[in-house]
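Participant: next input, structure requested:
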Amino acid sequence: MEISSRKRLMVFSGSGNLELAEELAKLLGTSLGGIERSVFANGEIYIHYTHSVRGADCFVIQSHCPPINFHIMEQLIMVDALKRASAKRITAVIPFFGYARQDKKGRPREPISARLMGDLFLAAGADRIVSVDLHTGQIQGFVDTPFDHLTALPVFVDHLKGVVDGPTTIVSPDTGRVKLAAKFARRLDASVAFVHKRRAVETRNEVAALEVIGDVEGRHCVIVDDMIDTAGTAVGAAELLDKRGALSVRLVATHGVLSDPALERLESSAIVEVVLTNTLPVERYVGHVDKITVLSIGPLLAGAVDAIFTDASVSEIFQGENM
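Facilitator: Predicted structure coming up:
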């Protein structure tokens, strides 16, 4: 008996960000796999794949957007169902990785929830994880399976080259993003500055911007970060830059979490443009907040998925900038 070996790519989407998933499937020259999805009266999630997945290379894309715990659990159940249906390899594609900010203990008796997330996906049956612009790169080491860390840097750089003209400074909103700011600066021939801030340990989402270190007067400033949640950090940094004589202030962030009152803060701030990607659903603010520009990471995700499927190099797509 002779059995011909052929690989079969299948892409499935959770309910978190269907628009991005459909774009990804289209770029890969396929369509989303069929899923029967429902919720029991008590909130339990039910998943059923409508076609055979046996022996297939399956990619399950889900953005961990609100309600975040629902969408995490939905993706875990989707992975488990594929494992039990004899999929050959399962890759969890997580554009926005939930709980990534909880990557270490800052106080006694705190959890490391980002590690727990990795454990959950391994237990569910994921053979590989793909995410975009993690809060900290060390999260890759929390799981004993391949973890591809993609970056939206090339997408942002292309956009900024078209809208910023003149002396430019890339600004890190805190000391933890200086390395990221330096990557932007190299690609844009810009200088680097950072904002010194003080965060209240006992509260969430409260930050005081104190001072800016670097040359910003008479320059176009671009604040770079991995996410915008309530926008307190970004708006505080923008006000400080404006007081220090910046010609303009832009904000670039991969993940637009935008919890209340972020939209109001951004709209009334000194920031002239907020550049985000579609790792999270954008329906809430596109067309409602004039300052927001949304760039698609669909092509980057498609390139990474294709590289994984064909066993090619993912890092070559990003020229080594995805570390």
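Participant: what are the boundaries of the helices in the chain?
Facilitator: 18-27, 68-84, 113-124, 153-163, 178-188, 232-243, 262-267, 298-309 (DSSP state H).
Participant: so which of those helices is the most packed in?
Facilitator: Of the helices of the chain, the one with the most neighbours on average (mean count of other C-beta atoms under 10 Å) is helix 232-243, at a mean of 22. No exception for glycine: its C-beta is placed from N, CA and C like everyone else's.
Participant: which elements pack onto that helix?
Facilitator: Helix 232-243 sits against strand 191-199, strand 207-213, strand 220-228, strand 248-256, helix 262-267, with contacts defined as 3 or more C-beta pairs under 8 Å, 6 or more residues apart in numbering; DSSP states H and E.
Participant: hey, what's the angle from that helix to strand 220-228? Just curious.
Facilitator: Counting by axes from the mean of the first three to the mean of the last three C-alpha atoms, to 10 degrees, helix 232-243 points 170 degrees away from the direction of strand 220-228.
Participant: quick one on the thing from earlier: can I get the helices of the chain in a markdown table with distance to Leu280?
Facilitator: Output for these, formatted as a markdown table (distance: least, C-beta to C-beta, whole Å):
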| stretch | distance to Leu280 |
| --- | --- |
| helix 18-27 | 9 |
| helix 68-84 | 10 |
| helix 113-124 | 17 |
| helix 153-163 | 15 |
| helix 178-188 | 19 |
| helix 232-243 | 16 |
| helix 262-267 | 12 |
| helix 298-309 | 13 |
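Participant: Val132: which of the ones you listed is closest?
Facilitator: Nearest of the helices of the chain to Val132, taken as C-beta to C-beta: helix 298-309 at 7.6 Å.
Participant: for that closest one, list the C-alpha coordinates in CSV.
Facilitator: Coordinates of the C-alpha atoms in helix 298-309 are reproduced here as CSV (Å, rounded to 0.1, in the frame of the first residue of the first chain):
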residue,chain,number,x,y,z
GLY,A,298,-3.4,40.7,8.3
PRO,A,299,-0.5,40.4,5.8
LEU,A,300,2.0,39.9,8.6
LEU,A,301,-0.1,37.2,10.2
ALA,A,302,-0.6,35.6,6.8
GLY,A,303,3.1,35.5,6.2
ALA,A,304,3.8,34.0,9.6
VAL,A,305,1.1,31.3,9.2
ASP,A,306,2.3,30.4,5.7
ALA,A,307,5.9,30.1,7.0
ILE,A,308,4.8,27.9,9.8
PHE,A,309,2.7,25.7,7.5
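Participant: so which residues make contact with that helix?
Facilitator: Here helix 298-309 makes contact (C-beta atoms under 8 Å, 6 or more residues apart in numbering) with 7, 9, 11, 20, 23-24, 27-28, 57, 59, 61, 91, 93, 95, 128, 130, 132, 148, 150, 152, 154-155, 278, 312-314, 316-317.
Participant: give the buried residues for stretch 137-154.
Facilitator: When neighbours are counted by 16 or more other C-beta atoms under 10 Å, the buried residues of stretch 137-154 are found to be Ile139, Gln140, Phe142, Val143, Phe147, Asp148, His149, Leu150, Thr151, Ala152, Leu153, Pro154.
Participant: please look at the fourth one and Phe121 and confirm they touch.
Facilitator: The reference is to Val143. Yes: in this structure Val143 lies within contact range of Phe121 using C-beta atoms under 8 Å: 7.1 Å.
Participant: need the overlap of contacts for the two.
Facilitator: Ile129.
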